[in-house]
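Visitor: Using only what follows, build the 3D model:
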Amino acid sequence: MTGAKDIDRSLLIEGLGKGLRVIEQFSDDHPRLTATEAGALAGLTRTAARRYLVSLVHYGYADTDGKHYWLLPSILRLGQSYLEAARLPRLVRPFLQRLSMQTGETANLSVLDGHEIVYLERSNSPRVVSIGFHPGARTPAHVVSPGFAILSTFKRARLDAWMAAHDFSRFTANTITDLGAFRDTVDAAARAGYSFVNQYIDVGLGGIAAALFDRHGQCVGAISMTFQMQRYPEDTVLTQLLPALQDVVKVLREVI
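Guide: A predicted model of the protein is given here:
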C-alpha cells in the first residue's frame, strides 16, 4: 500500500481497507463490475465484495442495476476532501500563479502515487485556451515530466524495483518504453536537476519539471509546466521557462 506506515495492526479496521480496495477496482477498463468481478480483482470472495458494493450504493457512492455496480460522482468527495484540506497545495498555489503569469504557460503541482502522477494544484495559462492536467488527474509516470523529476530522486535499488513493476505503455512514437533508455533519461534528469519531455503522452505537447523538496531535503512532489512544443523551437524552452521554474522550486524549499 502506498504510504503505508508501521502501526499496531490491532488498531486497524480491516473492513475499511477491504472496502477501499473494492473502490479502487473501478477504472477506465472496468467502469462497471459485478460482485464476482469486483471480488476477483480485490482479492475477496463474491459475498464479501457484494456487501461492500451494496454498502456503497446505500451511502450514495455507487449505483446498481441489480447485477452490475458503478461509482457515482459523489465518490469524488473523498478526493476533494484531500485537495481542500492538504497543506502543500495551499502553500504552493500562489507560487504557481506567479509562475504561470510570468511564463504564460500552465503550471502544476503533482506527486507520485505508486506508478501514477497525480496532479494536485494547477494555475492556468493566462491565454484564452489552456492545456495540461486538472487537479485530481492521473497519468502514467513514464510519460510526463513530473514522473522523471520525482523518480530522479530515487536510490538505484528503489528505482530498479519501480521500473520492474511498471507498465511502460506506448502513447506516441516518442514514448520511452525501453528500460535502459528510461533509466538513462531518469539519470540525466538527476544530473541536470530538471526533466524535459517532448511529446511522450500527446503529439505536440511538452513538459518541463523539477523535483520539489522541503527544507529537510525530502522530495514532496514536483513543479511542472505544460505547453505546446511548437511555441518553443529547438532548445528555447530551456532558456525561456527553466529559469523561472527553478527559481520557484528554490524559494519553495525554504517555506515547505
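Visitor: Going along the chain from the lowest-mean-pLDDT helix or strand in the chain, find the next helix or strand for me.
Guide: Sorting the helices and strands of the chain by mean pLDDT, DSSP states H and E puts helix 76-85 at the bottom, at a mean of 76. For helix 76-85, the following helix or strand on the C-terminal side (DSSP states H and E) is helix 87-103.
Visitor: buried stuff in that next one?
Guide: Leu88, Pro89, Val92, Phe95, Leu96, Gln97, Arg98, Leu99, Ser100, Gln102, Thr103 (16 or more other Cβ atoms under 10 Å). From N, CA and C alone the C-beta is placed, and that goes for glycine too.
Visitor: In three-state terms, label Ala49 for me.
Guide: Recorded secondary structure, Ala49: helix (DSSP: H, G, I helix; E, B strand; the rest coil).
Visitor: Any idea how many residues pack against the closest residue to it other than its chain neighbours?
Guide: Excluding the flanking residues, the one nearest Ala49 by Cβ to Cβ, 6 or more residues apart in numbering is Gly39, at 3.4 Å. Neighbour count for Gly39, taken as other Cβ atoms under 10 Å: 21.
Visitor: Which elements pack onto the least confident helix or strand of the chain?
Guide: Helices and strands touching helix 76-85, by 3 or more Cβ pairs under 8 Å, 6 or more residues apart in numbering; DSSP states H and E: there are none.
Visitor: Any idea how far that helix is from the middle of the chain?
Guide: Centroid displacement of helix 76-85 relative to its chain, using Cα atoms, centre = their mean, to the nearest Å, is 15 Å.
Visitor: What angle do helix 87-103 and it make with each other?
Guide: Angle, helix 76-85 to helix 87-103, by axes from the mean of the first three to the mean of the last three Cα atoms, to 10 degrees: 70 degrees.
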